[in-house]
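**Student:** Fold the following.
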Amino acid sequence: MKQILMLLLSGYESMEAAAFIDIFGWNKVCGDHSTSLFTCGVTRTVCASFGPRTIVDYLIGEIDPKEYDALVIPGGFGRYGYYEDGYQDECLELVKSFDQEESYIAAICTGSLILARSGILKGMRATTYATQTNSFAEDLTRQGALFTLKNPVREGKIFTASNPASATKVGFLLLKLLTNAQNAARIQKDMGF
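**Tutor:** Numbers count the residues shown, from 1 in each chain. I've put the predicted structure just below:
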């Protein structure tokens, strides 16, 4: 069984999280049944952007990265506390631990900033939420990443993507890598993509 951990931070984007929940859930029920997705957070109850609340499966301190094959980090909004959670030492250490285990790591939108702050994107191409006046790109660059408008970006086992629409693309790619191309194509077709 392949286990995927999704880190939910205050102010996370529900749409970005939902892409992974659905893709790996569909695979567990309708695909090759080889994946399970679990959630973790700084607190047991996490408030997403715009108000919905989620009770996570685990607190970060309860996680052993050796038990997982991938880490997913949906982006979120700073006004809802996203960076206060994401820049905490325990979150950054979690990211570093997954990188040391050579697990897949996927960050969507501003989730890339968590990866950059942890130090794992130094010297690597990466993307994040992109606008014409983009302080997010500057943040990536200040942390040593090589910002690109390409979307999504893959560097070895690390994926970064720039917006909610790209979460599904990264989710299907991760499913393909964790299972196989035929299985991922079947789930993609069954889900109408």
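
**Student:** Return the residues in contact with residue 3.
**Tutor:** By CB atoms under 8 Å, 6 or more residues apart in numbering, the contact set of residue 3 is 35-38, 67-70. Where C-beta positions appear, they are placed from N, C-alpha and C, glycine not excepted.

**Student:** switch to 10 Å and redo it
**Tutor:** For residue 3, the contact set (CB atoms under 10 Å, 6 or more residues apart in numbering) comprises 24, 35-38, 67-70, 103, 178.

**Student:** Buried by neighbour count, from these: which ones?
**Tutor:** A residue is treated as buried here by neighbour count (16 or more other CB atoms under 10 Å); on that basis the buried members of the contacts of residue 3 are 24, 35-37, 68-70, 103, 178.

**Student:** quick revisit: which ones among the contacts of residue 3 map onto helices?
**Tutor:** Secondary structure assignment by DSSP state H places 24, 178 of the contacts of residue 3 in helices.

**Student:** hmm, which two among the contacts of residue 3 are most spread apart?
**Tutor:** Distance extremes for these: the farthest pair is 24 and 67 at 15.7 Å, using CB to CB.

**Student:** Could you give the number of residues near the closest residue to residue 10 other than its chain neighbours?
**Tutor:** The spatially closest residue to residue 10, leaving aside those adjacent along the chain, is residue 81, at 3.5 Å (CB to CB, 6 or more residues apart in numbering). Residue 81 is surrounded by 18 other residues when neighbours are defined as other CB atoms under 10 Å.

**Student:** Also residue 144?
**Tutor:** For residue 144, the number of neighbouring residues by other CB under 10 Å comes to 14.

**Student:** so how far is residue 130 from it?
**Tutor:** Shown here: residue 144 relative to residue 130, a distance of 18 Å by CB to CB, to the nearest Å.

**Student:** do the same with residue 28
**Tutor:** If you measure residue 28 against residue 130 using CB to CB, the figure is 33 Å.

**Student:** In strands, which of the contacts of residue 3 fall?
**Tutor:** Those of the contacts of residue 3 mapping onto strands are 35-38, 70, per DSSP state E.

**Student:** got the residue ranges for the helices in the chain?
**Tutor:** Taking DSSP H as the test, the helices found in the chain are 14-30, 82-86, 89-100, 111-118, 135-142, 165-178, 181-190.

**Student:** got CSV for the ones you listed, with mean pLDDT too?
**Tutor:** Shown next, in CSV, are the helices of the chain (pLDDT from 0 to 100):
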stretch, mean pLDDT
helix 14-30, 98
helix 82-86, 96
helix 89-100, 98
helix 111-118, 97
helix 135-142, 91
helix 165-178, 98
helix 181-190, 98
